[in-house]
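In: Following is a predicted model, sequence given first.
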Amino acid sequence: MKKMILVTSPPACGKTYISKTLARNLKHVVYLDKDTLIPLSNRVFAAAGEEINRSSEFFEKNIRDYEYETIVDIGVEALEYDDIVLINAPFTKEVHDEETLERFRTKLRRKNAKLVIIWVVTDPRICHERMIARNSDRDTWKLEHWDEYIQTVDFSIPEPLERLDAGHDLILFYNSSDEEFEQSMKTILPRLEEEM
């Protein structure tokens, strides 16, 4: 059966590295990263005369959800041509919203494909260390206000993902150390390739 794999987690858990490593090791896979849409979204800011601010009300109202719908729709279309689509994106709102997940599952059922969600489990202290190490502009505020920021981040598995009758597969990828990463990769790759 064809699969759409969403790799999701709070920031700095290792989504991008895990996504790219999985994609390199899977056969018949299309890799998509939602960040590819950022230049297009930045043109929306410019056309509207708005400052580029991905935390703004303008972004939430006019851009954010459309980025997610678009990357999923591109993925659904790609399933016409290959067996697995793997999308690297936080999906922070979507994984907490049963209605949105059902909309994704419905799109995939039409393609005779299954939704697989990989939730990356990482110790918040490790996320802090990784955020410092990656030295990205998008993390400046978070690092300067770490205690305030970390209170807003929920590292627990979203409830809609854990529902056994939900119609998707949930896979936990443990990533707080190199050993956990290697073990998770070793266990998960065969699972993703079965039933192909």
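Out: Yep, it's here. Residues are numbered from 1 along each chain as shown.
In: Quick check: end-to-end length of stretch 118-132?
Out: Terminal residues of stretch 118-132 lie 24 Å apart, using C-alpha to C-alpha, to the nearest Å.
In: Give me the distance from it to the chain's centre.
Out: Distance of stretch 118-132 from the chain centroid (C-alpha atoms, centre = their mean, to the nearest Å) equals 14 Å.
In: Show me which positions of that stretch end up buried.
Out: 118-122, 126-128, 130-131 (16 or more other C-beta atoms under 10 Å). All C-beta atoms are positioned from the backbone trio N, CA, C, and that covers glycine.
In: Check these and tell me the two furthest apart.
Out: Ile118 and His128 (22.0 Å; C-beta to C-beta).
In: And the helices in the chain?
Out: Listed in chain order, the helices of the chain (DSSP state H) span 15-25, 38-47, 57-59, 65-78, 98-109, 124-134, 140-144, 146-150, 159-162, 178-193.
In: Contact partners for the nearest residue to Leu37 once chain neighbours are set aside?
Out: Of all residues not flanking Leu37 in the chain, Glu67 sits nearest, at 5.0 Å (C-beta to C-beta, 6 or more residues apart in numbering). By C-beta atoms under 8 Å, 6 or more residues apart in numbering, the residues touching Glu67 are 34, 37, 41.
In: Tell me the spacing between Glu67 and Ile87.
Out: 11 Å (C-beta to C-beta, to the nearest Å).
In: shared neighbours of these two, anything?
Out: Common neighbours of Glu67 and Ile87 (C-beta under 8 Å, 6+ apart) are Lys34.
In: Output the contacting helices and strands for the lengthiest strand in the chain.
Out: Longest strand in the chain, counting residues (DSSP state E): strand 113-121. On a contact count with 3 or more C-beta pairs under 8 Å, 6 or more residues apart in numbering; DSSP states H and E, strand 113-121 meets strand 2-8, helix 15-25, helix 98-109, strand 168-174.
In: Highest mean neighbour count out of these?
Out: With neighbours defined as mean count of other C-beta atoms under 10 Å, these peak in mean count at strand 2-8, which reaches a mean of 24.
In: Show me what that strand is in contact with.
Out: Residues contacting strand 2-8 (C-beta under 8 Å, 6+ apart): 15, 18-19, 22, 72, 75-76, 79, 83-92, 95, 104, 108, 111-120, 173, 192.
In: again, 7 Å this time
Out: 15, 18-19, 75, 79, 83-91, 95, 108, 111-120, 192 (C-beta atoms under 7 Å, 6 or more residues apart in numbering).
In: And these, which of them are buried?
Out: 15, 18-19, 75, 79, 83-91, 95, 108, 111, 113-120, 192.
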